[in-house]
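Engineer: below are the sequence and a predicted model for it; my questions follow.
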Amino acid sequence: MLPAKNRLNSPKSLSVLKKEGKKISSSEFILVYKIKDGIFKLAIIVSKKVASRAVDRNRIKRLIAESLRSQQEFNGELVIIVKKNIADFKMVKVKEKLNLLLKKT
C-alpha cells in the first residue's frame, strides 16, 4: 500500500485530473497524468465490470501499486484505470506493461 502522502484520493482532485490531464491507453490500462513539480501521487481505479470480486480488485491494485513503487521519480499526479482483468498476470508482466505506458509520458 502506498503511503498517504502518495495517494490521490479526493474526488475533486480526481475529477480535475480527468478533465485537465493527458491520457494514454493500452489494451490493459488507461493512464491519466498531469506533470507537476513536487510529490508523486497515484490513484488506481478498478471497476466491478473488470473484476466482480473485491478480492480480485484488491489484488490488481496491489500488483499495480507494487510495480509503481520504484517509479516514484515521476513528478506529478497519475491515475491508472484498469480496462480488463489482470488478476492472473504475474508481477513482471504488469511491470512491463506499465513501464511501456510510462515511457510514453
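Structural biologist: That came through fine. The structure displayed is predicted, hence computed values, not measured ones.
Engineer: list the buried ones in stretch 19-30?
Structural biologist: By 16 or more other Cβ atoms under 10 Å, the buried positions in stretch 19-30 come out as 21, 24, 28-29. Yep, even glycine has a C-beta here, placed from its N, CA and C like the rest.
Engineer: pull the CA atoms of the helix or strand harbouring residue 42 into CSV?
Structural biologist: Using DSSP states H and E, residue 42 sits in strand 41-45. The C-alpha trace of strand 41-45 is given here as CSV (Å, rounded to 0.1, in the frame of the first residue of the first chain):
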residue,chain,number,x,y,z
LYS,A,41,0.5,11.0,-6.3
LEU,A,42,-1.3,7.9,-7.5
ALA,A,43,-4.9,6.6,-7.8
ILE,A,44,-5.8,3.2,-9.1
ILE,A,45,-9.3,2.6,-10.4
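Engineer: ok, then the element right after that strand?
Structural biologist: Strand 41-45 is succeeded, C-terminally, by helix 54-68 (DSSP H and E).
Engineer: what angle separates the following helix or strand past that next one from helix 54-68?
Structural biologist: The helix or strand immediately downstream of helix 54-68 is strand 76-82, counting by DSSP H and E. Following axes from the mean of the first three to the mean of the last three Cα atoms, to 10 degrees, one obtains 140 degrees for the angle between strand 76-82 and helix 54-68.
Engineer: need the residues that contact strand 76-82.
Structural biologist: Strand 76-82 is contacted from outside by 8, 13-14, 17-18, 21, 28-36, 40-47, 50, 60, 64, 68, 98, using Cβ atoms under 8 Å, 6 or more residues apart in numbering.
Engineer: what lines up beside that strand in the sheet?
Structural biologist: If you go by DSSP bridges, strand 76-82 pairs up with strand 29-35 (antiparallel), strand 41-45 (parallel).
Engineer: could you single out the most deeply buried of the ones you listed?
Structural biologist: strand 41-45 (a mean of 20; mean count of other Cβ atoms under 10 Å).
Engineer: how far out from the middle of the chain is it?
Structural biologist: Here the centre of strand 41-45 is set off from its chain's centre by 5 Å, with Cα atoms, centre = their mean, to the nearest Å.
Engineer: what pLDDT, on average, does that strand get?
Structural biologist: What strand 41-45 shows for mean pLDDT is 91.
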